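Enquirer: mind folding the following:
(4 chains)
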There are 4 protein chains.
Amino acid sequence: MTGGFRKKIRQKNAENSGFGTNASGRFINKDGLPNVQRRGVNVFNRLSWYHTMLNLSSFRFISYLVIAYILINLLFAMIYYLIGVEHLTGIDKSDPLNEFIDVFFFSSQTFTTVGYGRIAPVGFLASLVATFEAFLGLLTFAIATGLFYGRFSRPRAYLRFSDIAVIAPFQESSALMFRLAPYKNNALTDADVIVSVAIEVIENGVAKSNFYRLTTQMSKINTLALNWTVVHKIDENSPFYGFSEEDFKNTDLELIVQVRAFDEVFSNTVVQRSSYTTREIVYGAKFVPMYYPNKENLSTVLDLDKINEYKKEELPDSAGNNE
Amino acid sequence: MTGGFRKKIRQKNAENSGFGTNASGRFINKDGLPNVQRRGVNVFNRLSWYHTMLNLSSFRFISYLVIAYILINLLFAMIYYLIGVEHLTGIDKSDPLNEFIDVFFFSSQTFTTVGYGRIAPVGFLASLVATFEAFLGLLTFAIATGLFYGRFSRPRAYLRFSDIAVIAPFQESSALMFRLAPYKNNALTDADVIVSVAIEVIENGVAKSNFYRLTTQMSKINTLALNWTVVHKIDENSPFYGFSEEDFKNTDLELIVQVRAFDEVFSNTVVQRSSYTTREIVYGAKFVPMYYPNKENLSTVLDLDKINEYKKEELPDSAGNNE
Amino acid sequence: MTGGFRKKIRQKNAENSGFGTNASGRFINKDGLPNVQRRGVNVFNRLSWYHTMLNLSSFRFISYLVIAYILINLLFAMIYYLIGVEHLTGIDKSDPLNEFIDVFFFSSQTFTTVGYGRIAPVGFLASLVATFEAFLGLLTFAIATGLFYGRFSRPRAYLRFSDIAVIAPFQESSALMFRLAPYKNNALTDADVIVSVAIEVIENGVAKSNFYRLTTQMSKINTLALNWTVVHKIDENSPFYGFSEEDFKNTDLELIVQVRAFDEVFSNTVVQRSSYTTREIVYGAKFVPMYYPNKENLSTVLDLDKINEYKKEELPDSAGNNE
Amino acid sequence: MTGGFRKKIRQKNAENSGFGTNASGRFINKDGLPNVQRRGVNVFNRLSWYHTMLNLSSFRFISYLVIAYILINLLFAMIYYLIGVEHLTGIDKSDPLNEFIDVFFFSSQTFTTVGYGRIAPVGFLASLVATFEAFLGLLTFAIATGLFYGRFSRPRAYLRFSDIAVIAPFQESSALMFRLAPYKNNALTDADVIVSVAIEVIENGVAKSNFYRLTTQMSKINTLALNWTVVHKIDENSPFYGFSEEDFKNTDLELIVQVRAFDEVFSNTVVQRSSYTTREIVYGAKFVPMYYPNKENLSTVLDLDKINEYKKEELPDSAGNNE
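Expert: A predicted model of the protein is given here:
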C-alpha cells in the first residue's frame, strides 16, 4: 500500500456502515452476506433453523428430508421390534432380519399414513406407538409443507452481477462501472442502487477502514428488464479522484453494492447485494453491449452470457494522471 | 413519420426508463410485462419455476398437476411391474394387462396414501419402492399446497384498463385520458398512477426512443372503488403540445402506465401496469360515464361493460392546431 | 337541509376521494368497505373468490366446507353406484339403500385417503374413479390448508371504533371527537389516522358531495395500546366552523376514517376504516375515561365496554353560535 | 424522588407516546409488549388466537397439539363406544377396557387417516362418525400446517439487547449507551433506532409521566452484522442534562427502545422493542468491545456472551455535577 494515495481521498467519512473500523477481512462476501462469525450464546440459540433451511440448496434440502425420513423410520422400527413383533399382524416371522424389515415398512406405512393394513398393530403398546407415529408424521409433513412454501415463495431479486467492475472512459474523464441484469422471468420495477466503498488506510500505524458512499449517474430506474450499468463518475467528489492504475492496485478497497427493486409476482421489495474487491476491478476497460433488437425488430434480446464481456480501452489523459 | 413533429417536443428527456434508447418493438406488453427476450445462461437457470407456476392460467395449472399425477403413477407402475407382481398381494393375475392395471392402481393408492390394502406390498423391493413413493406423494402434495396458496394469495390489483386512450376536450384545451376500474370485490385505497411516454425520434438517421414523464391532474386518490379517469392535460409542459391529429397518427409512441394501490385483504401494495401504443389512441373523443346511483338512491352502481364506451367530440380550436 | 349552512363552508374542496361528486348513499359502510355495486363483466370474473372466502365469517366458512364435503361424496357415491357395486369388495348388498350407504362411505374413505380397505375397488372403472377421487381429495385439502392459513394470517388491526362521534368542548372552543381502541392481544405501533368528511351541498339545484380533509390534534402515536381519542378542533380552518346543533342535524355529512398501524406479529401495516354519518354524531357530549391504573398500581387497565360511554356537556358560547 | 431534578428537564414534551399521562407501572415490558390489561368485551373476542398461538413457546405449542390430539381421540372413542363396538370389525371384545382401547386406536387411525383397516366401521352410525372424524382430522392438520408456517415464517429481528444501559464518558461529556446485536444467522440491513424516555414528574401533587424523544449519535446503519452501541449524548438538548448519579437513582424513568431493520430472508421489515427502567441503568461505566478479528485476520468474530460486560469508569467533571 503506497502512502501517496491516502492524501488524495478528499471526501469525509460519510457512511455508517455498521462495521467497526477495525473489523478484518472482506466485509461482504460475494453472495451478499456479511463476513462475520458469531461466538457465545449456544449454537442452537445462535442458529435460526428457518433461515438455515431456506438458505440450503435444493439438493441438500431434499437430501436432509430423505435422511430424516429414513432415520425416523429406523428409530420407530427399533421401538416396534423391542415391543415385540407379536403385537403386529402380518409380519413375516421367518427370521429376525425379515421381522425387522417388516416393522420398518410398517413404520413407514404409519408415518406416511398410507396404512395398507397388511401389517397392523394389535397389541396395546404397538398401537399406542403407531398412534403417536402417525401424528408425528402428519406434523412433520405440515412442517415440510411450510418449508417448501417458505423456500419457493421467498422474495428474491434473481440478479446477476458482472464478476468484475471496470474503470472506463466516461464523459472526457473516467468512471467506475459494473453491471447487473435480471436473469429470470420475473418483472422488476422501481429499482435503485446504493454503492459504498470501504478503503483501508493506516492511521498512527494501525490499519482501519473508512467508508464512503459513491454517487452514481442514475440511481433509480423504472423497469429493470434489460441490463443496468451502474456508473460512478470519478470526479472531484469521488474518493478515487486522481487515482492511477497503480493506486487502484495497491489499495485495499471493497465496493459494497445493494440493489432494491419491486417484484410484481411477490408484490414485495427484493434486495440483492454483492461486493467487489481490489482484484475484481479492471482498469482501462469498457463493457460491450449485451442487448440488441431481435430479427423481426419487434422485441429486444438480452444476452446474459455477455455480462462479463469487456474490451480494453485507453483512459483519457485527464483521468488517473493529474496528480 | 413526419419530421415536423419532432421539433414540437419541448420537454427534456426526463425519465430513466431502464430501457436502452435502441431497444426495439413495444416496450411494455398490454399485460404489463416487458417485451424482452432473454438468451444465454441455460434455460433452467433462466426460469423461475415459481414465477412460471404462478403465472399459469388455472386451467393449465390444474392440467399440469393431473398430467404429472398420471405420469408419476405410470412410472411407478412400471417399476412395480418390473419388480414382479408376486411382490404384491391381491393382484389380478389373469393376464399381463390386468396385472399392469392393478399395479397402476396400487401406485396411485400409495402415492395418495389412501392405502386400501386390498393390494399391498409383501416383498422387500416392492415395499421399499412403496415406502419411497408414499414419501414422494406427501412431498408432492406439500408442494402443491404451497403452489395453490401462492397462486391465490398473490396480491393483485384486479384492475381493468380501457382498451383505448382518448384525446378529449378539457378545460378549453385538450387532454389525453384513459380510465381504469377495479372489477372484483377487493377494496383498494391510496391509489396512485405514474404515466410515461416513449416517443421514437430519428437522430442522425438512427431511430431511438426518448422517455417523458406525463403530469396528471389527479395522481392520487383515497378510495379506488369507482372508475378512475386519468387525465394528462396537453399544455405547454406536455410533450404532445401542439400535436395535430396527423402528428398523433404518424408518431411511434407508447404510453406506459403503472397503478399502485393498497389492498386491505392482502394488506399489501398491489401494482398493475399496462401500455397504449399509437393505434390505441382515439383523437377527438370522450368517455361516457360508467357509474350512476342505484334505483333507491342508496348506493352507487359501477357498470364495467361501459369502460370502453366513448363518443366522438370535436376538440377546441386551441388544441392541436396552433402550430 | 337549510341553505344557510352552506355559506359557512370556507374550505376548498381539498380531497380526491375517488368517489364522484354524484355518487349516492353512504360512501363507506360502517365496516369500512365502499358502498358500491358492480355490474357488467360476468359474475365469476367480478368475484375474487379468495377475497370472498377470506371475508366469510368462521361459521359460514366451516359450513361451506362441510357442505362441499357432503356434496362431493354424494356425487362420487352416485358414480360408484352407477358403475356397479360389484366393482367394490365388502359392500353390504342386502338392499339398494344399504348399497348406496356403503358406496357413500367408500367415497368418503377415499376422498379423505383414510382407505380402511374393508370396502375396496376391484374393477377397472371403480379403481379409476377412486384414483381420481383420492387425488381430488388431496388437492381439496391443499386448497383448504391455504384458505385456513390465508384467513388467520390475514393482517388485521382489530380496532373497535366508538359507535358515535361527539361534538365536545375543547380548548375554549369545541371539537369533533371519536375514539378507538385495540381490543385484542396484538401490539400496534406507529399508528396514524386520516379523517375526511363528505358534505352534501346543492349546486344549481343538483345535490353533490364535497370532500374535505379534517385536521386532527394528534395524527400519529407511537404505541396504540390504550384507547385513542381522535380530536378535530372546530376552528376557522374547519368546514364545521360556526355550525350550530341545527346545522349538524340538517346537513348530510359522512366522516370517513382510516387508521393505519404496524402490527409486530404480522410484521405488516394493518389498516382499518370506518365512517360516521349525521345520525351518529352527538352534539354537546364528552367521552368518559376508559382506562385506569390497576389495584397494585403496576399496570394499566383498559375497559373496552366503556368505549361508547359519554356524558352530556354544554358547549361554550363561542362554538356553534357565532354566525 | 427529589424535587430538584425536575427543574433540570428543559426539553418540551415532544412525544405522542400513545400512553396517557396517568397510566401506571412500567409502560413497555422487557419483551417489548405494552404493560396494559384489557377488560370488557368477552374473553374470546379479546383474544386473537392466532397471535396467541404464534407467541407460545415451541414446547407449549407442541404440548397443546399433543393434548388436543389425545382429547379429540378420547371424545371420539367415547362416541364409538356408545354407538356400540358391534358397529366395528376387528375389535377385541374380551373385556370392556380392551373394547375401549380398541375404539380409541380406531379413532386415532381415522383422525390421522392411516386407516389400517384391521378395525373398520361396518354399521351406518359408526361409518358416519368416522366419515366426519377423518374430515375433521384433515382440517385440523390443515390448520396445524398454517400455524407451523405462521410460527416459523414470522419475521423477527433476533436481536439481543444488553440487560443494562450505562452512563459513560463520551466526547468530554457523558452519554447514555446501551447495545444490541443480532444473535442468529439472519442478515439485517438498513437498521434504525428510536429511543424515547418516560419520566415521572409530580405536577400539582399528582404523579404523571412526560415523554421525550432522545437524539442518538448514529440512528441508522447500513448493515447490522456486528454489535451496535446506541449513544445518546447528554448535552444541553438532553432531558438528562445536569443529572447527577443521585438524580438518576431517584427519578422514575423508562427508556423505550425500538429497532427496525430489513431482513433479507423474510424480505420484510422486522421490529424489536425493549425498555430500560431506572434500576437497569449503571452510572459511570463503559461497555467492553465484543468483536475482534479472527486468527487468520480474514473475518470478524462477534462474541455474544460479552454483550453485558462493562467496566466502571469515572465520568468527567463536566458531566452530572454542573448544577
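
Enquirer: contacts, neighbours, all on C-alpha from now
Expert: OK.

Enquirer: where does pLDDT dip in chain A?
Expert: For chain A, the stretches flagged by pLDDT under 70 are A:1-25, A:206, A:317-323.

Enquirer: domain parsing for it?
Expert: When chain A is parsed with automatic domain parsing, its domains come out as A:4-37+A:156-312, A:45-152.

Enquirer: adding mean neighbour count and distance to chain D, write those out as CSV.
Expert: Converted to CSV, the domains of chain A look like this (neighbours: other CA atoms under 10 Å in any protein chain shown; distance: least, CA to the nearest CA, whole Å):
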stretch, mean neighbour count, distance to chain D
domain A:4-37+A:156-312, 19, 4
domain A:45-152, 20, 4
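
Enquirer: for the ones you listed, which one sits closest to residue D:41?
Expert: Set against residue D:41 and scored by CA to CA, the domains of chain A come closest in domain A:45-152, at 34.3 Å.

Enquirer: please state the offset of the closest one from the chain centre?
Expert: Here domain A:45-152 is found 33 Å from its chain centre; the criterion is CA atoms, centre = their mean, to the nearest Å.

Enquirer: any chance of CSV for the domains of chain A, columns distance to chain B?
Expert: Listed next are those as CSV, based on distance: least, CA to the nearest CA, whole Å:
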stretch, distance to chain B
domain A:4-37+A:156-312, 4
domain A:45-152, 4
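
Enquirer: so for residue B:129, which of these sits nearest?
Expert: Residue B:129 lies closest to domain A:45-152 among these, at 10.3 Å (CA to CA).

Enquirer: can you pull out the helices in chain A?
Expert: A:4-8, A:43-46, A:49-55, A:58-83, A:96-111, A:124-152, A:245-250 (DSSP state H).

Enquirer: what's the closest of those to residue D:316?
Expert: The nearest among those, by CA to CA, is helix A:4-8 at 34.8 Å.

Enquirer: picking that back up, closest one to residue D:35 among the domains of chain A?
Expert: domain A:45-152 (26.7 Å).

Enquirer: start and end of the closest one, how far apart?
Expert: 25 Å (CA to CA, to the nearest Å).

Enquirer: what does stretch A:28-42 give?
Expert: 25 Å.

Enquirer: now stretch A:48-59
Expert: Per CA to CA, stretch A:48-59 runs 20 Å from first to last residue.

Enquirer: what does it rub up against?
Expert: For stretch A:48-59, contacts defined as CA atoms under 8 Å, 6 or more residues apart in numbering or on different chains pick out A:61, A:147, A:150, A:151, D:152, D:153, D:184, D:185, D:186, D:265.

Enquirer: and if you look at stretch A:255-273?
Expert: Under CA under 8 Å, 6+ apart, the answer for stretch A:255-273 is A:28, A:31-33, A:153, A:155-157, A:159, A:186-198, A:274-277, B:51, B:54, B:154-155, B:268-271, D:264, D:267.

Enquirer: hey, C-alpha coordinates of that stretch in PDB?
Expert: C-alpha atoms of stretch A:255-273 as PDB (Å, rounded to 0.1, in the frame of the first residue of the first chain):
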ATOM      1  CA  LEU A 255     -17.200  -1.900  -3.200                       C
ATOM      2  CA  ILE A 256     -20.400  -2.900  -1.400                       C
ATOM      3  CA  VAL A 257     -23.400  -2.800  -3.700                       C
ATOM      4  CA  GLN A 258     -27.100  -3.100  -2.800                       C
ATOM      5  CA  VAL A 259     -29.900  -3.200  -5.300                       C
ATOM      6  CA  ARG A 260     -33.500  -3.000  -4.400                       C
ATOM      7  CA  ALA A 261     -36.500  -3.400  -6.700                       C
ATOM      8  CA  PHE A 262     -40.200  -4.200  -6.500                       C
ATOM      9  CA  ASP A 263     -41.200  -7.700  -7.800                       C
ATOM     10  CA  GLU A 264     -44.700  -7.800  -9.100                       C
ATOM     11  CA  VAL A 265     -45.200 -11.500  -8.600                       C
ATOM     12  CA  PHE A 266     -44.100 -11.500  -5.000                       C
ATOM     13  CA  SER A 267     -45.600  -7.900  -4.600                       C
ATOM     14  CA  ASN A 268     -42.700  -7.300  -2.400                       C
ATOM     15  CA  THR A 269     -39.400  -5.400  -2.300                       C
ATOM     16  CA  VAL A 270     -36.500  -7.600  -3.200                       C
ATOM     17  CA  VAL A 271     -32.900  -6.900  -2.300                       C
ATOM     18  CA  GLN A 272     -29.700  -8.300  -3.500                       C
ATOM     19  CA  ARG A 273     -26.200  -7.400  -2.500                       C
END
